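Student: missing the sequence, but the structure's below:
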């Protein structure tokens, strides 16, 4: 069974560490400001949790607070939204955001889905009939 998991790159966790370092001077100015450390922790949790798992039968989009499973038979189309992110459009026109899936991932998505998602990088060549050559007979 083919399975592909799209995740936010782990290097994004470096940003959580940088945010924690930048929050430190402010967090210790007054009592209670230590709650600012929730920001980098929440961001790190989002990076680790958000992913899209694609199999031959279904899509599983896992977000911050839950996950959504969509069977391929329920998918009407894949929509490109701002900055190259993708959303799956169901038969009832509701949309499911596919975390960490971008336009550049469409060829891989096409392979795993068994061709249900067309690969835009494949250019279909139009079969042309061979040109007839006219042969002039010499007299």
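Tutor: Done, it's in. Note that this is a predicted model, so its numbers are computed, not measured. Numbering: from 1, shown residues only.
Student: Flag the shaky bits of this protein, pLDDT-wise.
Tutor: 123-139 (pLDDT under 70).
Student: Helices along that one, start to end?
Tutor: Counting by DSSP state H, the chain has helices at residues 13-27, 38-49, 106-112.
Student: With distance to residue 65 and mean neighbour count added, can I get those helices in TSV?
Tutor: Quick note: C-beta positions are derived from backbone N, CA and C, even for glycine. Converted to TSV, the helices of the chain look like this (distance: least, C-beta to C-beta, whole Å; neighbours: other C-beta atoms under 10 Å):
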stretch	distance to residue 65	mean neighbour count
helix 13-27	18	13
helix 38-49	9	15
helix 106-112	24	17
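Student: and residue 75, which of the ones you listed is closest to it?
Tutor: Using C-beta to C-beta as the measure, helix 106-112 is the one of the helices of the chain that comes nearest residue 75, at 11.0 Å.
Student: what about the most centrally placed residue in the chain, distance to residue 19?
Tutor: The residue lying closest to the centre of the chain (C-alpha atoms, centre = their mean) is residue 101, at 0.6 Å. In this view, residue 101 and residue 19 are 25 Å apart by C-beta to C-beta, to the nearest Å.
Student: Could you report the neighbour count for residue 86?
Tutor: Other residues within reach of residue 86, judged by other C-beta atoms under 10 Å, total 22.
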